[in-house]
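pasting a predicted model and its sequence here:
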Amino acid sequence: MKEFFEVLRRYVAPYKGYLLGSLLFNILSAVLNVFSFVTLMPMLKILFRIDTQTYVFMAWDAADKSFKDVLVNNMYYYTQTWMGEFGASTTLLFLGLFLITATLLKTSTYFASAAIMVPMRTGIVRDIRNSVYHKITELPLSFFSEERKGDIIARMSGDVNEIENSITGSLEMLVKNPILILCYLGVLVYTSWQLTLFTVLVLPLLIWAMSTIGRKLKAKSLAAQNKWSETMAQLEETLGGMRIVKAFTAEQKMRNRFENVTDDYRRLTNKVSIRQASAHPVSEFLGTVLIVIVLWYGGTLILDGENPPIDAPQFIFYMVILYSIIQPLKDFSKASYNIPKGMASVERVNKILNAENTIVETSAPKEVKKLEKEILFRNVSFSYNGRQQVLQDINLRVGKGRTVALVGQSGSGKSTLVDLLPRYHDVTSGEILIDGIDVKDFRLKGLRGLIGNVNQDAILFNDSFFNNIAFGVENATMEQVVEAAKIANAHDFIMESEQGYDTNVGDRGCRLSGGQRQRISIARAILKNPDILILDEATSALDTESERLVQEALERLMKTRTTIAIAHRLSTIKNADEICVLYEGKIVERGTHDELIALNGYYKRLNDMQQL
């Protein structure tokens, strides 16, 4: 329960006004509920002539009488007066109207107590979703290399829905039921403390029996939610790799994998649901047992005692209130099942919310507006896992306005090296300096705003051409977007589409060719107008015609900018000011194209193989 109250502390605080309102209406509902029973029972005794005593009006400030005695006496007096004036039938009608009014007030306050909790419930769920999304956008790329996208989606959807259904759904019960129980319990003690003491001694056995059934629910729910995440991960992998699935005619294999996962999820869900379904019948049975035990004990006191502590009408009233207290106890038992089930989802959501963000700013980060002199990699080493070095002792200077190219085998550390500059990862040792200041000392937003990226896999969003090009640039005008598209050789094919710049490009740009996607990506970088440009194999996956158009756009983009280019096609970086050859995380050669050819080393072999 400690975890449950921690969730409440974190998310309920902004909605304490709703909570107090619900608390107030629940108190009114409980008082009105009891009041209708308290007033109705004695008046019915007079009406049906069970009590034949004659009553006279008693002053409300009578010194020798308690308020309860005065209230009961005067209620009896008015009932007898009405019967004398209007007759028994009309008096019964009055009592019925009184009961209707009391019930209307009671149900209205009950509705108000439930309705006022709705904005609180939906607000908490919205806040959790927003917190998870914000955390996802803050976490470093290393987190997502270890987690499956389908699993993250499952936590965002299924687990948050489970929190809403289980925990926030139980919140109303936890606000209402203690009030009802305390109110009813007070009435029971007031009516007969002897019977109430006996009831309280029996009640813990009832609560213990209900709690034992729900004890293992959290573990089973956690296993079921993990299996649901695996189901979503399988679906996400299938959708992302559908072309390969069909190319290798592996549809049946993928179906079998998915069916195995869904069968396991069904099996675990069955166990959770069956255990949860047992809550109502068990609580119903145990509640009946409690009523029977109290009925036997109270009946024994009345039938066998010469001077019983409670008379028969009071005992009937006592049993009505006792039966009323059973429903809140049942709701408590239901909450004792739902909350552990929801806490399993909270545990999975907290894995994201509590994930450590290793990319942090200093307490007083410096602002960076533009590159003045140079970028310097000084003795830079990096490891993803702390054991195997991906980069070792890299020293590299990139002067302002110069183009430095990185070449080498796949896995030699080229992409990792450029990822260190915008702090997608932090160096294990050494430092990266911009104009003599460590990148760790800059504000992240300013540092990354200084850098533009064009990657091999052009990442576009399911939005219009305009919004994809203007992505990340606030208040971009149509004129600016069109100008960027023209420089990137993208304007013509955009205008040929059905709605021009308002045309949707599809999921990840699926409606465009590879060259078109790349040119939209370049237009986005042009509009951002960065001082530093990172090109990560921007033309390696293109055909000759597309490569020519993209290369023209890149050359326009690279003018007056400091560029670090990763290339497999050496023809695209022949004119670079410096070419660095990486091999197994180290720079083994560096120089211009002609100088490296003259060395007759690793670069020369790469060049010869490509020409061949």
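That came through, no problem.

my read: residue 453 touches residue 534, true?
Yes: here residue 453 reaches residue 534: they are 5.0 Å apart, a contact under CB atoms under 8 Å. Quick note: C-beta positions are derived from backbone N, CA and C, even for glycine.

overlap in contacts, those two.
Common contact partners of residue 453 and residue 534 (CB atoms under 8 Å, 6 or more residues apart in numbering): residue 422.

how about the strands in the stretch 351-500 of the chain?
Along the stretch 351-500 of the chain, counting by DSSP state E, counting those that start in this stretch, strands occupy 374-383, 389-399, 403-408, 429-434, 437-438, 451-455.

check which helices and strands the last one is in contact with.
Think strand 451-455. Here strand 451-455 touches helix 514-528, strand 532-536, going by 3 or more CB pairs under 8 Å, 6 or more residues apart in numbering; DSSP states H and E.

and that strand, which strands flank it?
strand 532-536 (parallel) (DSSP bridges).

mean confidence score for stretch 315-325?
Stretch 315-325 shows a mean pLDDT of 77.

follow-up on the earlier one: now the strands of the stretch 351-500 of the chain as JSON lines including distance to residue 338?
Shown next, in JSON lines, are those (distance: least, CB to CB, whole Å):
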{"stretch": "strand 374-383", "distance to residue 338": "45"}
{"stretch": "strand 389-399", "distance to residue 338": "47"}
{"stretch": "strand 403-408", "distance to residue 338": "55"}
{"stretch": "strand 429-434", "distance to residue 338": "50"}
{"stretch": "strand 437-438", "distance to residue 338": "51"}
{"stretch": "strand 451-455", "distance to residue 338": "46"}
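
tell me which of those strands is the most buried.
strand 403-408 (a mean of 23; mean count of other CB atoms under 10 Å).

one step back: closest one to residue 128 among the strands of the stretch 351-500 of the chain?
strand 451-455 (31.7 Å; CB to CB).

just the angle between the closest one and strand 429-434, please?
Between the axes of strand 451-455 and strand 429-434, defined by axes from the mean of the first three to the mean of the last three CA atoms, to 10 degrees, the angle is 110 degrees.

what angle sits between strand 451-455 and helix 514-528?
Using the same axes, to 10 degrees: strand 451-455 against helix 514-528 is 180 degrees.

that older thread, let me have the strands of the stretch 351-500 of the chain in a markdown table, extended by mean pLDDT.
Formatted as a markdown table, these follow (pLDDT from 0 to 100):
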| stretch | mean pLDDT |
| --- | --- |
| strand 374-383 | 92 |
| strand 389-399 | 91 |
| strand 403-408 | 90 |
| strand 429-434 | 92 |
| strand 437-438 | 92 |
| strand 451-455 | 84 |
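
quick one, which of those strands is nearest to residue 118?
Across these, residue 118 has its closest neighbour in strand 451-455 (44.4 Å, CB to CB).

if I take the closest one and strand 374-383, what angle do their directions form?
Using the same axes, to 10 degrees: strand 451-455 against strand 374-383 is 60 degrees.

can I get strand 451-455 as PDB, trimmed to CA atoms?
Extracted C-alpha coordinates of strand 451-455, given in PDB (Å, rounded to 0.1, in the frame of the first residue of the first chain):
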ATOM      1  CA  ILE A 451      23.500  21.400 -35.200                       C
ATOM      2  CA  GLY A 452      21.600  20.200 -38.300                       C
ATOM      3  CA  ASN A 453      21.300  16.500 -39.200                       C
ATOM      4  CA  VAL A 454      20.700  14.700 -42.500                       C
ATOM      5  CA  ASN A 455      20.800  10.900 -42.000                       C
END
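
ok, and what's touching that strand?
Contacts of strand 451-455 (CB under 8 Å, 6+ apart): 421-422, 518, 521-522, 525, 528-538, 554, 557, 561.

just want the most central residue of this structure.
Centroid check for the chain by CA atoms, centre = their mean gives residue 129 as the closest residue, at 3.4 Å.

which ones are touching that one?
156, 160.

and what of residue 368?
Residue 368 touches 434, 437, 442-443, 446-447, 450, counting by CB under 8 Å, 6+ apart.

from residue 401, how far out is it?
If you measure residue 368 against residue 401 using CB to CB, to the nearest Å, the figure is 17 Å.

tally of neighbours for residue 357?
Counted with other CB atoms under 10 Å, residues neighbouring residue 357 total 10.

test my guess that it contacts residue 141.
No: with contact defined as CB under 8 Å, residue 357 does not reach residue 141; the gap is 11.4 Å.

give me the pLDDT for residue 305.
61.

list only buried entries from the contacts of strand 451-455.
421-422, 518, 521-522, 525, 528, 530-538, 554, 557, 561 (16 or more other CB atoms under 10 Å).

what helix or strand is residue 112 located in?
Element membership of residue 112, judged by DSSP states H and E, is helix 88-115.

what's the distance between that helix and the middle of its chain?
Computed by CA atoms, centre = their mean, to the nearest Å, the separation of helix 88-115 from the middle of its chain amounts to 42 Å.

now do the buried residues in the very next helix or strand once past it.
Using DSSP H and E, the next helix or strand after helix 88-115 towards the C-terminus is helix 118-138. By neighbour count on 16+ other CB under 10 Å, the buried set for helix 118-138 is 120-121, 123-125, 128-129, 131-132, 135-136.

likewise for stretch 151-161?
151-152, 154-156, 158-160.

export that stretch as PDB, just CAs?
Presented in PDB, the C-alpha positions along stretch 151-161 are these (Å, rounded to 0.1, in the frame of the first residue of the first chain):
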ATOM      1  CA  ASP A 151       6.700  -2.600 -25.000                       C
ATOM      2  CA  ILE A 152       6.800   1.200 -24.500                       C
ATOM      3  CA  ILE A 153       3.600   1.600 -26.400                       C
ATOM      4  CA  ALA A 154       2.000  -1.100 -24.300                       C
ATOM      5  CA  ARG A 155       3.000   0.700 -21.100                       C
ATOM      6  CA  MET A 156       1.600   4.000 -22.500                       C
ATOM      7  CA  SER A 157      -1.700   2.400 -23.500                       C
ATOM      8  CA  GLY A 158      -2.600  -0.800 -21.700                       C
ATOM      9  CA  ASP A 159      -0.900  -0.100 -18.400                       C
ATOM     10  CA  VAL A 160      -2.200   3.400 -18.100                       C
ATOM     11  CA  ASN A 161      -5.700   2.200 -18.800                       C
END
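
no further queries at this time; thank you.
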